[in-house]
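**Student:** here is a sequence with its predicted model. Questions after.
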Amino acid sequence: MRFSAVDGMQNKKHSFPLWAWRLAGGGLLLALSLFFCWSYYTGGIVATVLSTTLPSAEKVEAIQELFAAWGNLAPLAYLMLVIAEVVIAPIPGTLLYLPGGMLFGGFWGGTITLIGNTIGAGLACGIMRSLLGPEAREKIARKPFFIRQRERIERHGMGIILLLRINPLTSSDLVSYAAGPTPIPVTHVMLGTFIGMAPLCYLQAYTSMTLFDSFPWLLWPLVGIAIIYLGILCWLLWRAGKKENPL
């Protein structure tokens, strides 16, 4: 049985107005920008990481000490970052998954990352299914990527979600949104994510556990990629805001 992208989801009382999403996105970017500026000019973690004179090994230690200062709340703070990464696509997960092993070790870094991906997948699917308005859902669902993935998910259910998660070339964040307009239960999306992402999460965590200790200079490429992606994300949001009918 085939389902259209917006069947059974025309109830507007659960949708948020578009201006609210714009305001939330703009507020988030502003908050991040203010934090980066404050941390840089006060000699905080941003200034430490971007320093051209400080050895890379000391930068890695500074990041570890930053999370260690949170004490028992450090794993929760990292978990929240992973969940945010999953929900706010297209931030590349590797930018967070690799430091997980460096901060918490291979097992706990991989476990926290896996739990964050699972929770984030459920939230992303739920946002697409119940929070976005009908018009926004329909426009998103017309994109070629979502059409392809939605048809696969409708035919194969949780199995295709698991396979898409295992495939490192597939944008796992967007798969969760693609599952939103389908009848598959959110719990199946989360279970497929948990099983499919487990190997990659633990592999990256255990690899980074020793990688940054042996080659601390690798922190520089990681920071550079993060800055580039954040710049692209800001540009995409700026373009979307200029359009009369975004999404």
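**Tutor:** Structure's in. What do you need? Numbering: from 1, shown residues only.

**Student:** from here on, contacts and neighbour counts on C-alpha atoms
**Tutor:** OK.

**Student:** by contact count, what packs against the longest helix seen in the chain?
**Tutor:** As assigned by DSSP state H, the longest helix anywhere in the chain is helix 94-126. Under the contact definition 3 or more CA pairs under 8 Å, 6 or more residues apart in numbering; DSSP states H and E, helix 94-126 sits against helix 56-68, helix 74-87, helix 172-179, helix 186-214, helix 219-242.

**Student:** between those, which gets the lowest average pLDDT?
**Tutor:** Lowest mean pLDDT of the helices and strands packed on helix 94-126: helix 219-242, a mean of 63.

**Student:** next, the angle from the longest helix of the chain to helix 74-87.
**Tutor:** Between helix 94-126 and helix 74-87, the angle comes out at 60 degrees (axes from the mean of the first three to the mean of the last three CA atoms, to 10 degrees).

**Student:** quick one: mean pLDDT over helix 94-126.
**Tutor:** For helix 94-126, mean pLDDT is 84.

**Student:** between it and helix 186-214, how big is the angle?
**Tutor:** Relative orientation of helix 94-126 versus helix 186-214 (the same axes, to 10 degrees): 170 degrees.

**Student:** neighbours of Ala31, how many?
**Tutor:** Residues contacting Ala31 under the criterion other CA atoms under 10 Å number 12.

**Student:** do the same with Thr42
**Tutor:** 11.

**Student:** how about Ser130?
**Tutor:** So Ser130, with other CA under 10 Å, has 20 neighbours.

**Student:** over to Gly100?
**Tutor:** Using other CA under 10 Å, Gly100 has 30 neighbouring residues.

**Student:** list the contacts of it.
**Tutor:** Tyr78, Gly106, Gly109, Gly110, Thr113, Ala205, Ser208, Met209 (CA atoms under 8 Å, 6 or more residues apart in numbering).

**Student:** and the first one, how far from Phe36?
**Tutor:** Distance of Tyr78 to Phe36, computed by CA to CA, to the nearest Å: 18 Å.

**Student:** more neighbours: which of the two?
**Tutor:** Taking other CA under 10 Å, Tyr78 and Phe36 do not tie; Tyr78 has more neighbours (22 against 16).

**Student:** tell me the SS of Ile184?
**Tutor:** Classification of Ile184 by DSSP: H, G, I helix; E, B strand; the rest coil places it in coil.

**Student:** I'm done for today, thanks for sticking with me.
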